[in-house]
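**Student:** Return atomic coordinates for the entry below.
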Amino acid sequence: MCIEPRFPRRSIQAGISLVELIMFIVIVGLGIVGILSVMNVTTKASADPMLRKQALAIAESLLEEIELQPFTLCDPDDDNARTALTTADCATVQGLGKTPGETRYTDPRFDNVGDYHLLNITGIRDIENNPIADLTNFTADVNMAAVGGAFGLPDDNAVLQINIAVTLGPVPVSPLPPNPPIVSLTGYRFRYAPRAVP
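**Tutor:** Below you'll find the model as predicted:
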């Protein structure tokens, strides 16, 4: 005996409908847009670590150069520099700021920590004034402050705080905001040998 169904069988659907196809295209399109936007951000920032490493190397080398200089009461070229007990004993007191006639690159060269105060280097150069390839777009600024009192010392000039900021690109003209530093380093130099002249 054979029983026939009351309702006719529906045919099995083959393929997808137009609505399903449109939904698939929209979802996949949104996914691709999301992935490409993340890749775009990643690609833009991929050079940033290299720039930070270069800026950090510039700041570290400049800070080391400054901290290795003598920190005497008198200018090291002063005849009294080896014997002075106070700045009153000096013919030329070494303050913050370069000694007239001295430069970083040619003789007579900077010979004291204080000579580097307010130094601005646009287009990084080595100590012989030769431009360093791939670092010509960097700018380094040095600023110092006497902070001996913060360390409990009676002479505020016995400690210098050395601040170095390295930026990318030249310093803009005054109405424009300055470029933010890529790297800022701070170091301290104590006057532990006030009569040590090289």
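
**Student:** contacts for stretch 123-137?
**Tutor:** Residues from elsewhere that reach stretch 123-137 (C-beta atoms under 8 Å, 6 or more residues apart in numbering): 54, 58, 65, 104-106, 138-140, 168-169. Bear in mind the C-beta positions are built from the backbone N, C-alpha and C, glycine included.

**Student:** Please apply the same query to stretch 161-171.
**Tutor:** By C-beta under 8 Å, 6+ apart, stretch 161-171 touches 51, 55-56, 58-59, 62-63, 66-67, 113, 116, 120, 122, 137-147, 178-189.

**Student:** so where's this protein shaky on pLDDT?
**Tutor:** Where the chain drops to pLDDT under 70, the residues are 1-13, 44-47, 170-179.

**Student:** distance of L63 from N163?
**Tutor:** 9 Å (C-beta to C-beta, to the nearest Å).

**Student:** who's more crowded, these two?
**Tutor:** Neighbour count, other C-beta atoms under 10 Å: between L63 and N163, L63 has more, with 20 against 16.

**Student:** helices or strands up against the helix or strand harbouring that one?
**Tutor:** Assignment of secondary structure by DSSP states H and E places L63 within helix 48-67. Counting by 3 or more C-beta pairs under 8 Å, 6 or more residues apart in numbering; DSSP states H and E, the packing neighbours recorded for helix 48-67 are strand 138-146, strand 159-168, strand 183-190.

**Student:** which neighbours does the longest one have in its sheet, and in what orientation?
**Tutor:** Note on strand 159-168: by DSSP bridges, its sheet partners are strand 138-146 (antiparallel), strand 183-190 (antiparallel).

**Student:** Of the ones you listed, which stretch is the most buried?
**Tutor:** strand 138-146 (a mean of 19; mean count of other C-beta atoms under 10 Å).
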